[in-house]
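Asker: sequence unknown, structure follows:
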């Protein structure tokens, strides 16, 4: 099986334009032949009409009918006329041979007869008691038409040959933005640490849109890579700290455990604490990855889970939870997803709020939307950081990070769940202090 060679856009345009150009010239030539044939046929028909009308007018009064017939064909020696009645037959001097040739050799196309000796237009009419047959030789007109057609073909070939470089030049010019786009795309280095973009041409609009879309894709990819690098760095840091502590206490037990047994219990307690911290971090990472799944089947009674989470958190945090919840509100969301979202928002509010402060929770259905709101009286979030807090491991106040438990993944999990169900989450300042998180789900 033969392999098809790749062809460029310029090559395709060149072939297309040449095909269209040659097709147009061929159609013009065909129309010329058809029109010339029609003109020849019309000319011969008019000539025959003129001869027949003249015969009808002068035949009865003519004293020398043979001479009259010869006068009709004097302009064209290969024309022939034959008049037949019940008694006599009158014809021009070549009529017998011409009509015999037409009858024996002629290819018939309507009134036209094509013979080896030329092309004739044959017409027969009845005048009084006589039959008139007229053969008009149009061979000279056919030869002229053939000569003109041949000249047109030669001119067409010359025009096609001369137009090929011009068409190829125009095709390369029209496809230059696409060619540049292809070259720049191939020159992109996937390992580059800098954002690489393509030059966006103004014209044509299709190539411009492709370049803009590709640049947006490159930017999203670059940002995703940067986030992944940041995630790896932060995850390594979060895991390295407890690991270093665990290894340090293990070495402490090895060196001094025999002489100082009291250190063993303290070190084991620290190791257990840090191991649970690592376990919690790994579990949250697995939860975050699991929420990327688009499986969202299941009907959940939302207020029930909110009440359960509040009850669970009241034992760990000394805050006052004030709720405004309906008795029942069902929504198509997995119970685990909703529980994770509520838990992370409530725990985040409790961790960053003063003791005995009030946390307000509301759940409503308004204008075909499910609205879940958590308002705390904590330290608040700077306006420029209100979107960054949903990034993995982001901590706004690093000075408090060591004494406030958590991995920095909770709000990233919340955002992942919200996006999974095509929802939206907003962050705004509470008055006089604190933060309000509002989640919107389409009903």
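Answerer: Good, I have the coordinates. Since the structure is predicted, the reported quantities are computational estimates derived from the model, not experimental observations.
Asker: for this structure, what's the longest helix?
Answerer: The helix of greatest length in the chain, counted in residues with DSSP state H as the criterion, is given as helix 205-256.
Asker: So what's the gap between it and the chain middle?
Answerer: With C-alpha atoms, centre = their mean, to the nearest Å as the basis, helix 205-256 stands 33 Å off its chain's centre.
Asker: Check which helices and strands it sits against.
Answerer: With contacts taken as 3 or more C-beta pairs under 8 Å, 6 or more residues apart in numbering; DSSP states H and E, helix 205-256 sits against helix 176-186, helix 262-290. No exception for glycine: its C-beta is placed from N, CA and C like everyone else's.
Asker: ok and that helix relative to helix 176-186, angle-wise?
Answerer: For helix 205-256 against helix 176-186, the angle between stretch directions is 10 degrees (axes from the mean of the first three to the mean of the last three C-alpha atoms, to 10 degrees).
Asker: avg pLDDT for helix 205-256?
Answerer: Per-residue pLDDT values over helix 205-256 give a mean of 74.
Asker: weakest of the helices and strands packed on helix 205-256 by average pLDDT?
Answerer: Lowest mean pLDDT within those: helix 262-290, a mean of 70.
Asker: tell me the contacts of residue 320?
Answerer: Contacts for residue 320 (C-beta atoms under 8 Å, 6 or more residues apart in numbering) come out as 356-359.
Asker: Point out the least confident one among those residues.
Answerer: Comparing pLDDT over the contacts of residue 320 singles out residue 356 as the least confident position, at 82.
Asker: For it, grab phi and psi.
Answerer: phi 70, psi 10 (degrees, to the nearest 10).
Asker: Buried residues of the helix or strand containing residue 144, list them for me.
Answerer: Secondary structure assigned from DSSP states H and E places residue 144 in helix 139-174. When burial is assessed from 16 or more other C-beta atoms under 10 Å, helix 139-174 yields the following buried residues: 141-142, 145, 156, 167-168, 171-172.
Asker: Using a markdown table, please lay out the residues you listed together with pLDDT and distance to residue 412.
Answerer: As requested, the buried residues of helix 139-174 are arranged in a markdown table below (pLDDT from 0 to 100; distance: C-beta to C-beta, whole Å):
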| residue | pLDDT | distance to residue 412 |
| --- | --- | --- |
| 141 | 85 | 90 |
| 142 | 84 | 88 |
| 145 | 85 | 84 |
| 156 | 85 | 71 |
| 167 | 82 | 57 |
| 168 | 82 | 56 |
| 171 | 78 | 51 |
| 172 | 79 | 50 |
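Asker: Return the member of those nearest to residue 112.
Answerer: residue 142 (9.6 Å; C-beta to C-beta).
Asker: Would you map out the domains in the protein?
Answerer: Per the record, the chain has its domains at 9-169, 205-286, 295-442, by automatic domain parsing.
Asker: any idea which of these scores lowest on pLDDT?
Answerer: Taking each of those in turn, the lowest mean pLDDT turns up on domain 205-286, with a mean of 73.
Asker: rewinding a little: quick one, which of the domains of the chain is nearest to residue 176?
Answerer: Shortest distance between residue 176 and the domains of the chain, using C-beta to C-beta, is found for domain 9-169: 8.6 Å.
Asker: what about the closest one, start to end distance?
Answerer: Between the opening and closing residues of domain 9-169 we find a distance of 13 Å, counting by C-alpha to C-alpha, to the nearest Å.
Asker: Enumerate the positions of stretch 22-41 that are buried.
Answerer: Along stretch 22-41, these residues count as buried under the neighbour rule (16+ other C-beta under 10 Å): 25, 36-37, 40-41.
Asker: my bad, should have said stretch 47-55
Answerer: 47-48, 51-52, 55.
Asker: Any idea how far stretch 107-122 is from the middle of the chain?
Answerer: Once both centres are worked out by C-alpha atoms, centre = their mean, stretch 107-122 turns out to sit 59 Å from its chain's centre.
Asker: Can you tell me what sits against that stretch?
Answerer: Contact partners of stretch 107-122, identified using C-beta under 8 Å, 6+ apart, comprise 41, 44-45, 47-48, 78, 98, 101-102, 105-106, 123, 133-139, 142.
Asker: mind listing what's buried in it?
Answerer: Taking 16+ other C-beta under 10 Å as the criterion, stretch 107-122 shows 112-115, 118-122 as buried.
Asker: nearest spatial neighbour of the residue most central in space within the chain, skipping sequence neighbours?
Answerer: Nearest to the centroid of the C-alpha atoms of the chain, with distances taken as C-alpha atoms, centre = their mean, sits residue 210, at 8.7 Å. The shortest distance from residue 210 to any non-neighbouring residue, by C-beta to C-beta, 6 or more residues apart in numbering, is to residue 181 (6.9 Å).
Asker: residue contacts, the one you found?
Answerer: Applying C-beta under 8 Å, 6+ apart, the residues near residue 181 are 198-199, 201, 207, 210-211, 214.
Asker: quick one: which of these is most hemmed in?
Answerer: Going through the contacts of residue 181 with other C-beta atoms under 10 Å as the criterion, the one with the most neighbours is residue 211, at 21 neighbours.
Asker: Skipping adjacent residues, who's closest to that residue in space?
Answerer: Across the structure, with C-beta to C-beta, 6+ apart as the measure, the residue nearest residue 211 apart from its sequence neighbours is residue 200 (4.4 Å).
Asker: neighbours around that neighbour, how many?
Answerer: Neighbour tally, residue 200, other C-beta under 10 Å: 15.
Asker: So it is in contact with residue 215, correct?
Answerer: Yes - with the criterion set as C-beta atoms under 8 Å, residue 200 and residue 215 qualify as a contacting pair; they are 6.9 Å apart.
Asker: nearest to residue 187, of the domains of the chain?
Answerer: domain 205-286 (12.4 Å).
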